[in-house]
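> give me a model of this one.
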Amino acid sequence: MSPFGLAIPAGGILAVVGSIQTWSTGKVGRKKVGYNGFQHGHNGVLLVLLGIVLIAVGLLIVRLGRQLIPAIIASVIGVAVSIVAVFDLADIANHSDGFVAGATVGPGLPIVLLGGVIAVVGGVATLLEKSARAIRRGDRRSSRQSTRSRPTDGSARSAWRSPWSVLEGDL
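I've put the predicted structure just below:
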């Protein structure tokens, strides 16, 4: 079980929760209005779906120990969540894409962005952990192999061939 794999579903949960929260607030006349990711055609549905995939992939890593492909998928989805959140934050700042003038950022989008970043960090840390394990296993294997030496007297020439033997015509 990867402890870093727990960061991936946590990031997915934050992405889902942040999508439901208020993304922006503003005044329409005298009335204060708040918008979440599902109103005015924003990316809330997309972020919820990506968050659910992050949760599933993270649980797959934690439960089954499968790490390489799910960690790559989680990292890519985490980057996608972060990019969408940054673009939506920019839309609020520019008062575009249906946001009212004078709109301020609510808590939802920063939570989504935090969830995306946490998922990326969890995915990359899981990949690094997997690589470190492979390197450690590779070191043990190479130390076992280094006890065998290549033939120097020509007696077992057929058992060992130089990789350059093809170029040297020594087949």
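
> so where do the helices sit in this protein?
Taking DSSP state H, the helices of the chain run over residues 7-20, 44-64, 68-93, 108-145, 165-168.

> pick the most deeply packed of these.
helix 7-20 (a mean of 25; mean count of other C-beta atoms under 10 Å). To be clear about C-beta, it is placed using only N, CA and C from the backbone, and glycine gets the same treatment.

> so which elements touch it?
helix 44-64, helix 68-93, helix 108-145 (3 or more C-beta pairs under 8 Å, 6 or more residues apart in numbering; DSSP states H and E).

> between those helices, which one is nearest to residue 23?
When the helices and strands packed on helix 7-20 are compared by C-beta to C-beta, helix 108-145 sits nearest residue 23, at 4.4 Å.

> rank the helices and strands packed on helix 7-20 by mean pLDDT and give me the bottom one.
Mean pLDDT is lowest for helix 108-145 among these, at a mean of 80.

> export the helices and strands packed on helix 7-20 to a markdown table and tack on distance to residue 35?
Output for the helices and strands packed on helix 7-20, formatted as a markdown table (distance: least, C-beta to C-beta, whole Å):
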| stretch | distance to residue 35 |
| --- | --- |
| helix 44-64 | 10 |
| helix 68-93 | 9 |
| helix 108-145 | 9 |
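
> let's have the helices of the chain in TSV, adding distance to residue 36.
Below are the helices of the chain laid out as TSV (distance: least, C-beta to C-beta, whole Å):
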stretch	distance to residue 36
helix 7-20	6
helix 44-64	6
helix 68-93	11
helix 108-145	6
helix 165-168	65
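
> residue 27 is nearest to which of those helices?
With C-beta to C-beta as the criterion, residue 27 lies closest to helix 68-93 of those, at 14.3 Å.
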